[in-house]
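Student: Okay, sequence plus prediction incoming.
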Amino acid sequence: ASLELGPYSHFMQKEIHEQPKALSDTIEAVLENGFAAGLFGARAAELLPQVEGVKILACGTSYYAGLTAKYWIESIAGISCDVEIASEYRYRAAFANPKHLVVTISQSGETLDTMEALKYAKELGHTMALSICNVRESAIPRASELVFYTRAGAEIGVASTKAFTTQLVGLFALAVTLGKQRGRVDAAAEHGYQEALRQLPGSVQHALNLEPQIKAWSDKFAAKQNALFLGRGLHYPIALEGALKLKEISYIHAEAYPAGELKHGPLALVDESMPVVVIAPNDALLEKVKSNMQEVRARGGELFVFADLDSHFSESDGVHVIRTPRHVGVLSAIVHTIPVQLLAYHVALARGTDVDKPRNLAKSVTVE
Ligand code: G6P
């Protein structure tokens with residue numbers, strides 16, 4: 001294994017660091033194609049213009065990619081989008097509109113619940129399904145009319161990292177493509193989205209360079225029992241992903257909340273022993289997030305803030321700040337994924353857990 005790992009200690013660390021390459025490979029496919037339907041397969045030019053709504057089905061980290069995509073699909077394409085855990089959908093009498101595109105997201109393409117949810121959607125009357133998948137010719141893309149393959153390369157660590165960020169690129173491309181077809185994305189906007197994609201691998205590399213600072217935080221977490229992650233808007237699913245990663249590999253109990261929900265429950269948990277990780281990019285919700293942070297500080301909670309270079313945060317007693325790159329706009333959620341992945345990784349290392357093979361978990365869940 002040491003040959004394959006190169007300078008890295010674990011596959012997870014290696015795969016986190018492979019993200020600039022995985023992203024640029026995936027982005028290349030999108031840019032070559034120029035947000036045209038062909039990106040999603042031979043039948044996409046016929047099917048995508050018929051789409052009146054999107055239903056996303058997935059499990060685990062892939063589900064959080066879906067939650068992120070909802071923001072893009074509704075804001076860029078102007079199409080309603082709902083996102084559901086595959087294992088829930090497959091057992092409920094769901095409403096199926098055949099004009100809605102079913103989008104499954106799966107790194108492996110073999111997750112049983114996602115596969116069964118797709119079959120069930122077809123039984124209910126859906127006829128259009130798109131698979132966002134990292135493994136060519138696996139079961140889920142084979143059962144779908146449309147496909148977008150992420151180019152993350154083989155992912156070995158049980159906790160998904162580079163598959164997640166490349167899924168987000170595919171989902172973003174879907175939102176822009178649908179928006180373009182519906183006349184909501186003009187040439188100038190399209191150019192802006194292309195530029196955002198071109199700059200993404202560089203911003204992700206910049207975020208990876210924060211690793212020594214993030215590692216320095218990990219000792220503060222290693223002895224904790226619980227952690228809270230907060231985000232708002234597009235960064236709320238990233239907070240969920242950060243909490244999931246921490247649970248999966250360090251076994252610290254972690255929860256994520258949209259920061260505006262603090263008062264409706266989680267604030268009761270906050271005291272001196274509760275670390276609160278905040279994703280605080282310099283977007284329209286920054287001032288709201290800052291006031292949520294004051295609510296935490298006022299109860300003695302220790303804040304660990306990932307803030308863009310330009311969001312003007314300073315360290316103070318009980319407030320630790322790591323500055324992520326300058327705000328990158330519409331793809332900010334992808335950049336902010338990197339620090340939460342690195343945090344989970346280093347906390348797990350500090351606790352001595354089996355990072356690549358966490359107890360009780362499997363890379364691909366092909367049983368119910
Ligand atoms: C397992 C893995 C996760 C992954 C999930 C869904 O739980 O440990 O990392 O997100 O399955 O897998 P999929 O292959 O469908 O994306």
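Tutor: Sure thing, it's come through.
Student: all helices for this protein, in order.
Tutor: According to DSSP state H, the chain carries its helices in the segments 2-5, 11-17, 19-33, 44-47, 60-72, 86-89, 112-123, 139-142, 162-181, 187-208, 211-222, 236-250, 286-298, 332-351.
Student: wait, which of the ones you listed is closest to the ligand?
Tutor: Nearest to the ligand, of all the helices of the chain, is helix 60-72, at 2.9 Å by CB to the nearest ligand atom. Bear in mind the C-beta positions are built from the backbone N, C-alpha and C, glycine included.
Student: returning to what we had before: turn the helices of the chain into TSV, including distance to the ligand and mean neighbour count.
Tutor: Below are these laid out as TSV (distance: least, CB to the nearest ligand atom, whole Å; neighbours: other CB atoms under 10 Å):
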stretch	distance to the ligand	mean neighbour count
helix 2-5	19	9
helix 11-17	10	23
helix 19-33	15	19
helix 44-47	22	16
helix 60-72	3	24
helix 86-89	8	20
helix 112-123	5	20
helix 139-142	8	20
helix 162-181	6	26
helix 187-208	19	17
helix 211-222	20	16
helix 236-250	7	26
helix 286-298	27	16
helix 332-351	12	26
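Student: Including distance to K363, could the ones you listed go into JSON lines?
Tutor: Listed next are those as JSON lines, based on distance: least, CB to CB, whole Å:
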{"stretch": "helix 2-5", "distance to K363": "16"}
{"stretch": "helix 11-17", "distance to K363": "10"}
{"stretch": "helix 19-33", "distance to K363": "17"}
{"stretch": "helix 44-47", "distance to K363": "29"}
{"stretch": "helix 60-72", "distance to K363": "10"}
{"stretch": "helix 86-89", "distance to K363": "17"}
{"stretch": "helix 112-123", "distance to K363": "13"}
{"stretch": "helix 139-142", "distance to K363": "15"}
{"stretch": "helix 162-181", "distance to K363": "11"}
{"stretch": "helix 187-208", "distance to K363": "23"}
{"stretch": "helix 211-222", "distance to K363": "24"}
{"stretch": "helix 236-250", "distance to K363": "11"}
{"stretch": "helix 286-298", "distance to K363": "34"}
{"stretch": "helix 332-351", "distance to K363": "16"}
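Student: what's the closest of those helices to V278?
Tutor: helix 286-298 (5.9 Å; CB to CB).
Student: just checking, what packs against the closest one?
Tutor: Applying 3 or more CB pairs under 8 Å, 6 or more residues apart in numbering; DSSP states H and E, one finds that helix 286-298 contacts strand 226-231, strand 275-280, strand 302-308.
Student: Mind doing that once more with 6 Å?
Tutor: With contacts defined as 3 or more CB pairs under 6 Å, 6 or more residues apart in numbering; DSSP states H and E, the packing partners of helix 286-298 are strand 275-280.
Student: could you measure R43 against the ligand, distance?
Tutor: 23 Å (CB to the nearest ligand atom, to the nearest Å).
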